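# Fold the following, please.
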Amino acid sequence: MPWILARRRTRPAGILLVVAALLRAQPGQPLTLEECQRRALRAASAASQARREMQIAAAGTAMARAAFLPQGTAGTSLLYNSPSRTDPAVQSYVAWNGIREYTALAGLFQELDTSGRLRANLERARQQQAAASAALAATERDLRRAVAASYYRLLLARKLAAALESSLAEAESFERRIRQMAGEGEAARADVVKAAAQTASLRQALEAARLSISLASQELASYWTEEVTAPLEVDDVFEQPDLSVPEEEGAAGRPWMRRPEIRLFDAQERSFLAESKMARAALLPQLRWGLDFGLDANRVAWRERGWAATASLSFPLFDWFQARNTARQARWRAAQTDEARQAALRRFSQAYRSALASLRSLRGQLDLLRTAIDLAAEDLRLSRIRFEGGEGSALDVVTAQRQLADLRMNYCSTLAAFFNAKRDLEVASGQ
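Prediction:
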């Protein structure tokens, strides 16, 4: 960006931001989970649609607030009324002011919220905006969670492939050795078959793992681009994993109350209550005033100008049943939303405690698996030594190879499950 550096009065902070953005966008840099989530949030998705809904709700609040301001009008017209047949000096339609009437008026009018309808409408708009804000937070959170799941799926596929490559190299080495021994008459044909079958099985599993890598990479890239075939370089958080487990908050904390769904339920309930107030406002009198100034005469002359002030108070008489039942519907919807909120609280509480229990269990399983992998590697080494010394069988070596491969893959799968459980706990605790 040489043109940025050549400009005068360029702020150093702006240059640093541009340089940081360029460095982050370099193709050689591995993508972190946070960068993948930022790309997904910038792309068109359910989150972008939720942001539009937020803008629509904000505009609705501004519209409801504008109803409290005076409204101005301006208009001009020329009216012609045919003369009377009996008296040509007067108009034929007596309801009009003359044969010709010239009008040029500027008016100002305002509705005074004596019934509370405008205030209830404003409150409903505000609660709809609050609901849109909570829905946006939940949608962005779900999108980040989905990107994280795809991110960990890609890392898991690569780790499984790496584990299978290591096991395949060991199996191929053993197959070459046993074929050599068979050629020298030191191993049976059955041992060669066992080793070859083990190698073929691991090779097939490795091909399936490589396919999983390609599919997982495409799934992750599809969150922000159509070019999904290019391989992604992502930061391997499995190399030095953070295996810390957060402490459980006390019963009084109730971390699931921080979830945006709670704010969404509250905003929806208050919105329905505001609708109930709007419906009840139809049963109350409403005051309106107006002021007109200008010309309304039978000839165009500035001295004919004048002004008029009006005030009206309307009383509802025969709309009682419709207004009452509309208010009842809104109150029942509010009660229904409260019931849904109470049911959701039970689910959120269970989701938090389940995520915390899963995280703790997976953390313990990782320690056990690391120990089991070390033991399986030692068992494989000893099995090969015994086989080379003629004290063990090829089946023991093959079994040890498969056991080590399975434990390595199980460790990778458990590690991915640990990271996913950690993200689930963040979602359940409203983070």
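# The residue lying farthest from the centre of the chain is in what secondary structure piece?
What lies farthest from the middle of the chain is Thr86; by Cα atoms, centre = their mean that is 77.6 Å. For Thr86, there is no host helix or strand (DSSP states H and E).
# would you list every one of the helices in this structure?
2-6, 12-25, 33-42, 46-66, 117-183, 189-221, 260-281, 320-388, 394-428 (DSSP state H).
# Go through these and name the closest to Asp235.
Minimum separation from Asp235 across those (Cβ to Cβ) falls at helix 33-42, 7.2 Å. Using the backbone N, CA and C atoms, a C-beta is placed for each residue, glycine as well.
# can I get the CA coordinates of the closest one in PDB?
Taking Å, rounded to 0.1, in the frame of the first residue of the first chain, the C-alpha atoms of helix 33-42 are listed here in PDB:
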ATOM      1  CA  LEU A  33     -10.200 -20.200  15.000                       C
ATOM      2  CA  GLU A  34     -10.900 -16.500  15.800                       C
ATOM      3  CA  GLU A  35     -10.000 -15.500  12.200                       C
ATOM      4  CA  CYS A  36     -12.300 -18.200  10.800                       C
ATOM      5  CA  GLN A  37     -15.100 -17.000  12.900                       C
ATOM      6  CA  ARG A  38     -14.500 -13.400  11.900                       C
ATOM      7  CA  ARG A  39     -14.600 -14.400   8.200                       C
ATOM      8  CA  ALA A  40     -17.800 -16.300   8.700                       C
ATOM      9  CA  LEU A  41     -19.400 -13.300  10.500                       C
ATOM     10  CA  ARG A  42     -18.500 -11.000   7.700                       C
END
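# buried residues in it?
Within helix 33-42, the residues that count as buried by 16 or more other Cβ atoms under 10 Å are 33, 36-41.
# quick revisit: quick one: the residue farthest from the centre of the chain from Ala59, how far?
Noted for Thr86: a distance of 58 Å to Ala59, by Cβ to Cβ, to the nearest Å.
# which residues does the residue nearest to Thr337 when sequence neighbours are not counted contact?
In space, and not counting its chain neighbours, Thr337 is closest to Glu269: 4.5 Å by Cβ to Cβ, 6 or more residues apart in numbering. Listed by Cβ atoms under 8 Å, 6 or more residues apart in numbering, the contact set of Glu269 reads 334, 337-338, 341.
# Tell me which helix or strand in the chain has the weakest average pLDDT.
For the chain, counting by mean pLDDT, DSSP states H and E, helix 2-6 ranks last in confidence among helices and strands (a mean of 35).
# Near Asp338, how many other residues are there?
Neighbourhood size, Asp338 [other Cβ atoms under 10 Å]: 15.
# Span of stretch 300-313 from start to end?
One end of stretch 300-313 to the other measures 34 Å (Cα to Cα, to the nearest Å).
# Centre of the chain to that stretch, how far?
Between the centre of stretch 300-313 and the centre of its chain there are 56 Å (Cα atoms, centre = their mean, to the nearest Å).
# nearest residue to Ala308 other than its sequence neighbours?
Counting by Cβ to Cβ, 6+ apart, Asp292 is the residue found nearest to Ala308 once chain neighbours are left out, at 4.8 Å.
# Specify the beta-bridge partners of that neighbour.
Assessed by DSSP bridges, Asp292 has beta-bridge partners Gly107, Ala308.
# contact partners of stretch 133-143?
With Cβ under 8 Å, 6+ apart as the test, stretch 133-143 has contacts from 37, 40-41, 45-47, 49-51, 53-54, 57, 223, 259-261, 263-264, 267, 427.
# and the residues you listed, which are buried?
Neighbour counting over these (16+ other Cβ under 10 Å) leaves 37, 40-41, 45, 47, 50-51, 53-54, 57, 223, 259-261, 263-264, 267, 427 as the buried ones.
# List the single closest residue to Glu275 in space, sequence neighbours excluded.
Using Cβ to Cβ, 6+ apart and skipping the chain neighbours, the partner closest in space to Glu275 is Ala330 (3.9 Å).
# Show me the shaky parts of the stretch 201-350 of the chain.
Applying pLDDT under 70 to the stretch 201-350 of the chain flags the ranges 249-252, 320.
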